[in-house]
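Student: Next one to model:
(chains A and B)
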Amino acid sequence: MLAAVACLGGIGLVAATALGIAAKKFAVEVDPKEAAILAALPGVNCGACGEPGCSGYARAVAEGRLAPNLCPPGGQQTAEALAAILGIKITAKEPAVAVVICQGGDDLARQKYHYLGLEDCNAAQKLAGGPKSCPGGCLGLGSCVRACLFGAITITSEHLAVIDRDKCTGCEQCLKSCPRQVMIMAPKAVTTHVLCNSHDKGAEVRKYCQVGCIGCNICKKTVPEAYTIDNFLARVNYTQADHAARAIAKCPMNCIRDLVDNSSVGDPDPKTTAPAD
Amino acid sequence: MKLPTFPGGIHPPDNKATTAGKAIVNCPLPNELIVPMLQHIGAPAECCVTVGQQVAKGEQIGTAVGPVSVPIHAPTSGEVIAIEPRLHPVGRPLPAVVIRPDGDERWHEGLQACDPDSLNPDELRQLLRQAGIVGLGGATFPTHIKLSPPPDRRIDTLIINGVECEPYLTGDHRLMLEEGSTIVDGILILRKILGVDRVILAIENNKSDAIAVMRQLCTATPIQVQPLPVKYPQGAEKQLIEAVTGRQVPSGKLPMDCGAVVQNVGTAAAVNTAVHLGRPLVERITTVTGTGVRSPKNLRVAIGTPLTHLIEQCGGFSDDPGKIILGGPMMGNSQISLEVPVIRGTSGLLVLRQQDISVKKPGPCIRCGQCVKVCPIHLQPTVIALCARLGLVEKADSHNALDCIECGCCTYQCPATLPLVQSIREIKGAIMEHKRKH
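Tutor: Numbers count the residues shown, from 1 in each chain, chains lettered A, B, ... in the order given. Modelled structure (predicted):
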């Protein structure tokens, strides 16, 4: 009994000593700054900074290759923490969130066929360009939901993606997962958006969607500085969006929305409104 | 004696009885033929006619571009009324020549019948290419390429595919019964081009009448008729080679790497027509079948005939159509419109009623291994599909996802109704893209 204890204890002691020496001798030198930066990062490995993960970004910041304010999930707080570690000052970066620019759910937008395949927008898009007649509309099969690391996206019963503006960190992973580019990044401060992604002419849009932008120019006439029309599709001018909300009630197709404040809209069908959260 | 076959595979209900006993009927010409410039694997042909031009049957309307490409011919005589993108069976509009038939069926004057004995293999290959011959089993790979193995590959076996393992389809079966001698003559031309001694005509033994007919026709020839047990996907090239010769095509390699070339019986017949009659490939046998059509038929259809016309010829829909598939139910493609035309690869038009379709919600994988058991390539479909769901492209590649022939056995067999082959197809695309980038 005693021999066994002594034996095992001895082996343990020798191994511990060897490991202790090895740990000192073969230690990999890490820039203390890099370790500190890594500790300050949120650690979600989303890749929004352009690096594969947080450790890559930490190294890049420590080496001065990347700016410390490129971590959208971390936001202003992390940027300041990183700047403090580096001993520099940074300018505030305006927070951005993803916006789904489509509200043509199953009830309002026409389908050209009934899709029975894989629950994946990219797979559906390959089958005759996707089941939705609109070339830009949200397919609602949830590829973005799976891409979102923060659980900020849900799919409605009408097969539309909806973004929780509080949970969205602006990492842009959903943009990469979407085969139809129906998500765009916009400053969080701007809440009024044209929720349509079809560049088709008005007559064409009316054939397949009840809430699609027809390029009628009314929003631009109402608030000239806040809207641009590009190829029959209106967009809010983010730099001058202060009065964009004034056009909401004027839009004949009800496709301009305030994503936070729904009160100003005469909505024919309230359940189709992309909710604020 | 036990019949040779390949490992794995499934036994879906074949549903061939509906049309197996029906003789091939010529389908009347429609009001307009839509002839796409892409009807083969490879580069699309380039249109060489103009709107308003009168074309004769068999006249070239599209020229081959590049080595892996074949010309396209006018399926009948008439006027070119449009050259524009039209909806193609792949699901998007592609360039096509629209011809209004004049009803004369006037053949092009430049076409010449040849005696295959007076031509050497190279001339014959060129002739087949000019006639637009592609694999009519459905893959539409240009035949002249398959018949031109590089000099370092010795081909010792020519396998003729009369298996027709897809459920519902009976076009090859009827062709063997009705035009067996055309097929035999075509096979002999193919044999001459390849210079092989061993020629095997493989037929599944659910077509015993075709086996008897072909056996009789092949008596005085070097062609050996080989019956095979019924199993899907026996008609897939690599599976057929394994069933007939016992050789396995190595991963990522071609049939010619194990000394075999496979040609479909329909292709053999088209080869014969091209050589002995000088007529290019302008029509094919298409089985119009399924519970959704009133009177299913085997039709001889001019390339470019819209599906609406085929449905009309078969008495229209019997009920609300739920699914329209070009090809067979296992590997065919669902269509979103009946405006698409029949192309060279259209072996069948299957219409299923709404009540025939059951889409079940996929459940969790129970690790039963059924998909592994039936996979004719010996892959692990469930593992690859899991990689696909998780987006693990390199891991899926390490499990040889690219070797998947997309036969669908795994999905058919899965008790959890998981969309296995669909997931694998997705990840195959991703692997290919990944390889292009790196």
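Student: how about the residues of the stretch 151-277 of chain A that lie near chain B?
Tutor: Contact residues (Cβ under 8 Å from any Cβ of the partner chain) of the stretch 151-277 of chain A with chain B: there are none. All C-beta atoms are positioned from the backbone trio N, CA, C, and that covers glycine.
Student: Could you check which residue of the stretch 151-277 of chain A lies nearest chain B?
Tutor: Closest residue of the stretch 151-277 of chain A to chain B, Cβ to the nearest Cβ: A:S177 (9.5 Å).
Student: Do you have the helices of chain A handy? List them.
Tutor: A:2-25, A:32-40, A:54-62, A:75-86, A:121-126, A:143-147, A:173-177, A:202-208, A:218-222 (DSSP state H).
Student: give me every residue that touches the spatially most central residue of chain B.
Tutor: The centroid of chain B falls nearest to B:G138 when counting by Cα atoms, centre = their mean (1.2 Å). Going by Cβ atoms under 8 Å, 6 or more residues apart in numbering or on different chains, B:G138 touches B:G327, B:M331, B:G345, B:S347.
Student: What about residue 197, how many residues nearby?
Tutor: You didn't say which chain, so I picked chain A. For A:N197, the count of nearby residues is 22 (other Cβ atoms under 10 Å in any protein chain shown).
Student: Let me rephrase: I mean chain B.
Tutor: With other Cβ under 10 Å as criterion, B:D197 counts 10.
Student: Dihedrals phi and psi, the nearest residue in space to it that is not next to it in sequence?
Tutor: Of all residues not flanking B:D197 in the chain, B:P222 sits nearest, at 6.6 Å (Cβ to Cβ, 6 or more residues apart in numbering or on different chains). B:P222 adopts backbone torsions of phi -80, psi 0, taken as degrees, to the nearest 10.
Student: Which of the helices of chain A sits closest to B:Q422?
Tutor: helix A:121-126 (6.8 Å; Cβ to Cβ).
Student: Against which helices or strands is that closest one packed?
Tutor: Applying 3 or more Cβ pairs under 8 Å, 6 or more residues apart in numbering or on different chains; DSSP states H and E, one finds that helix A:121-126 contacts helix A:143-147, helix B:420-437.
Student: OK, contacts around whichever residue of chain B sits closest to chain A?
Tutor: Going by Cβ to the nearest Cβ, chain A is nearest to B:G91 of chain B, at 3.1 Å. The contact partners of B:G91, taken as Cβ under 8 Å, 6+ apart, are A:L127, A:A128, A:G129, B:N333, B:Q335, B:I336.
Student: That one belongs to a helix?
Tutor: No: read with DSSP: H, G, I helix; E, B strand; the rest coil, B:G91 is coil and lies in no helix.
Student: can you pull the pLDDT of it?
Tutor: Per-residue confidence (pLDDT) for B:G91: 87.
Student: do the same with the one 3 residues further on
Tutor: B:L94 carries a pLDDT value of 94.
Student: What about it, how many residues nearby?
Tutor: For B:L94, using other Cβ under 10 Å, the count is 16.
Student: just to revisit the earlier point, which ones are touching the residue nearest to B:D197?
Tutor: Contacts of B:P222 (Cβ under 8 Å, 6+ apart): B:R191, B:D197, B:R198, B:V199.
Student: Point out where chain B drops to low pLDDT.
Tutor: B:1 (pLDDT under 70).
Student: List, one by one, the residues from the stretch 301-438 of chain B near chain A.
Tutor: Close to chain A, as judged by Cβ under 8 Å from any Cβ, the stretch 301-438 of chain B has residues B:S334, B:I336, B:I357, B:V359, B:P419, B:Q422, B:S423, B:E426, B:G429.
Student: list the contacts for residue 68?
Tutor: All of this refers to chain A. Contact analysis of A:P68 by Cβ under 8 Å, 6+ apart lists A:I37, A:V61, A:A79, A:L82, A:A83, A:L86, A:I88, A:I90.
Student: Please refer instead to chain B.
Tutor: B:I41, B:G42, B:A43, B:P142, B:I145.
Student: Which residues does the fourth one form beta bridges with?
Tutor: Right, the one you point to is B:P142. Beta-bridge pairing for B:P142 (DSSP bridges): B:V134.
Student: ok, it touching B:P71?
Tutor: No: with contact defined as Cβ atoms under 8 Å, B:P142 does not reach B:P71; the gap is 10.4 Å.
Student: residues shared between the contacts of those two?
Tutor: In contact with both B:P142 and B:P71: B:R129, using Cβ under 8 Å, 6+ apart.
Student: now the helices for chain B?
Tutor: Taking DSSP H as the criterion, chain B carries its helices at B:17-20, B:121-130, B:143-146, B:171-178, B:180-194, B:208-217, B:237-245, B:265-272, B:307-313, B:370-374, B:381-390, B:393-398, B:409-413, B:420-437.
Student: Check those helices for me and report the most buried one.
Tutor: Ranked by mean neighbour count, these are led by helix B:265-272 with a mean of 28 (mean count of other Cβ atoms under 10 Å in any protein chain shown).
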